[in-house]
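Participant: what would the 3D arrangement of this be:
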Amino acid sequence: MFPSFSDPSGLCRASATPNCYFLLLLIIYVLIINSTACSNGNCQVLESCSSVTDCGPGLYCGNCPAMGKNQPICTRGQATIPTTIINGLPFNKYSWLMTHNAFSIVDAPPLPGVQRITFYNQEDSVTNQLRNGVRGLMLDMYDFENDIWLCHSFRGQCYNFTAFQPAINTLKEVETFLSQNPSEIVTIIIEDYVHTPKGLTNLFTNAGLDKYWFPVSKMPRKGEDWLTVTEMVQENHRLLVFTSIASKEAEEGIAYQWRYMVENESGDGGVVRGSCPNRKESQPLNSKSASLFLQNSFPTFPVESDSCKEHSAVLGGLVGTCYKAAGNVMPNFLAVNFYMRSDGNGVFDVLDRMNGQTLCGCSTVTACQAGAPFGTCKNVAVSNTTQTANAFGSFSGSVQLSGSASTIHFPNILYFYLLLFSFLVLQL
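Facilitator: Next up, the predicted model:
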């Protein structure tokens, strides 16, 4: 009869070998580890977890199989709001998180009776993105069904299988956020396919956003500093809107994007290590005539399961390359897909380091000290550099991922191209 494992001491008496003492030590070690393991919201970033409730504020429980990291760990899901640490500087001195195709959300319902066939880029609502510290939204706007819709489409036309929702719905989310957070500033970049006269003007007015509008007349045209964030808040000019159509600046008072900012190549061309070419519509990145800098850091074809790898150490290297290409100017906007996914710290840590270097000359913005001379940094442990908006701001959006996204794209990519090919053939 085998000795009972419920009585380790009996096992030792029966065997009287060194193995029994090893077994006892192993059991004691496991008991100690289990008793001291973090749980119930006490786990910090990079510590093992089994559910989101194990992790502290601003964290979620996730892994990164694309990097061979299958063990779930507490992962950052919220940004530090830099103005809550160093405030009052010109707007162009800060770096902000921007979501590429912020509206193209996994699990967003399609039109009734229609199978949506397109790519997805984000996993949570625009409201939640803003609560998690996103301050820039890329939106593709089209004329569709006698209205203006958000579509992730092609050939400059929106179809029922590429449509998401009327743009006013998303803009009302922005309005609600701005009204509830009177010190926050949001930037919207429109990939513009709207041809209805005064279409965008009426859209933003009907969404209640005109009262936050930053006027084109106050935007610097020769690379000067912008107003300070304090002045923008005091004047309630807290919404910056840019369009990809130059004529709309004169027609509707909407700023033409590449008159005020430089931008690197989007898609695969913008994520090549050691390279940071400018987008063809943009001035060279080192141009001194534009004082904002948008860095795109996402592949042409978005895949959730790979995005955690894209937001690992390689992202910091890409930012460093673009910083040098721009003449040692830090990007003001860092645009990504699936912004929450990473192998631990992700895009949020990169932004902390970007803001730290620019705002106070420190390795992370959490080491900055308001009112202290530039280069005077607090002693911040590595683990503390991952503190999120909850430590310095008032935002507490949910960071739990939907978990359904990774099963969506790959089957649809082939389907999408087959449909696109068929559509193009029919047009010939």
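
Participant: surely residue 192 meets residue 245?
Facilitator: Yes: judged on CB atoms under 8 Å, residue 192 makes contact with residue 245 at a distance of 4.7 Å. Every residue, glycine included, has its C-beta placed from N, CA and C.

Participant: of the two, which one has the most company?
Facilitator: Set residue 192 next to residue 245 and count neighbours by other CB atoms under 10 Å: residue 192 wins out with 21 against 18.

Participant: hang on, that one in a helix?
Facilitator: No: under the criterion used here (DSSP: H, G, I helix; E, B strand; the rest coil), residue 192 is strand, not part of a helix.

Participant: what is the burial count for the nearest residue to residue 237 once chain neighbours are set aside?
Facilitator: Closest residue to residue 237 apart from its sequence neighbours, by CB to CB, 6 or more residues apart in numbering: residue 214 at 4.1 Å. Counted with other CB under 10 Å, residues neighbouring residue 214 total 21.

Participant: one more: the one 3 residues further on?
Facilitator: When neighbours are counted by other CB under 10 Å, residue 217 registers 7.

Participant: what is the helix or strand harbouring residue 250 packed up against?
Facilitator: Assigned by DSSP states H and E, residue 250 falls within helix 248-252. When contacts are defined as 3 or more CB pairs under 8 Å, 6 or more residues apart in numbering; DSSP states H and E, helix 248-252 packs onto helix 199-206, strand 255-256.

Participant: closest one to residue 294 among those?
Facilitator: strand 255-256 (13.1 Å; CB to CB).

Participant: for that closest one, what is the distance to the chain centroid?
Facilitator: Put simply, strand 255-256 sits 23 Å off its chain's centre (CA atoms, centre = their mean, to the nearest Å).

Participant: contact partners of it?
Facilitator: Contact with strand 255-256 is made by 216, 219, 240-246, 248-249, as judged by CB atoms under 8 Å, 6 or more residues apart in numbering.

Participant: do that again at 6 Å, thanks
Facilitator: 216, 219, 242, 246, 249 (CB atoms under 6 Å, 6 or more residues apart in numbering).

Participant: what's the local residue count around the first one?
Facilitator: The tally of other residues near residue 216 (other CB under 10 Å) stands at 18.

Participant: cool, and the one 5 residues further on?
Facilitator: A count of nearby residues for residue 221, using other CB under 10 Å, gives 12.

Participant: ok, back up a step: how close does the residue nearest to residue 237 get to residue 229?
Facilitator: 12 Å (CB to CB, to the nearest Å).

Participant: with residue 198 instead?
Facilitator: 30 Å.

Participant: can you put the helices and strands packed on helix 248-252 in TSV and add mean pLDDT and mean neighbour count?
Facilitator: Shown next, in TSV, are those (pLDDT from 0 to 100; neighbours: other CB atoms under 10 Å):
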stretch	mean pLDDT	mean neighbour count
helix 199-206	98	18
strand 255-256	98	20
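
Participant: dump the ones you listed to CSV, plus distance to residue 350.
Facilitator: Listed next are the helices and strands packed on helix 248-252 as CSV, based on distance: least, CB to CB, whole Å:
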stretch, distance to residue 350
helix 199-206, 31
strand 255-256, 27
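
Participant: what's next to stretch 133-143, contact-wise?
Facilitator: Outside stretch 133-143, the residues that reach it (CB under 6 Å, 6+ apart) are 78-79, 96-103, 148-151, 158, 167, 186-196, 333, 389.

Participant: among those residues, which lie within strands?
Facilitator: Judged by DSSP state E, the contacts of stretch 133-143 include 96-99, 148-151, 186-193, 333 as members of strands.

Participant: what is the least confident helix or strand in this structure?
Facilitator: Ranked by mean pLDDT, DSSP states H and E, the weakest helix or strand in the chain is helix 389-392, scoring a mean of 35.

Participant: what secondary structure does residue 355 sit in?
Facilitator: Secondary structure of residue 355, per three-state DSSP, is helix.

Participant: does it touch residue 95 like I think?
Facilitator: Yes: with contact defined as CB atoms under 6 Å, residue 355 and residue 95 form a contacting pair (5.2 Å).

Participant: now do the end-to-end distance for stretch 46-54.
Facilitator: Using CA to CA, to the nearest Å, one end of stretch 46-54 lies 12 Å from the other.

Participant: give me the contacts around that stretch.
Facilitator: 38-39, 43, 55, 60-61, 72-74, 344, 400.

Participant: just to revisit the earlier point, for residue 198 and residue 229, indicate the residue with more neighbours.
Facilitator: residue 229 (22 against 12).

Participant: give the contact list for the more buried one.
Facilitator: Per CB under 6 Å, 6+ apart, neighbours of residue 229: 83, 91.

Participant: no further questions, thank you.
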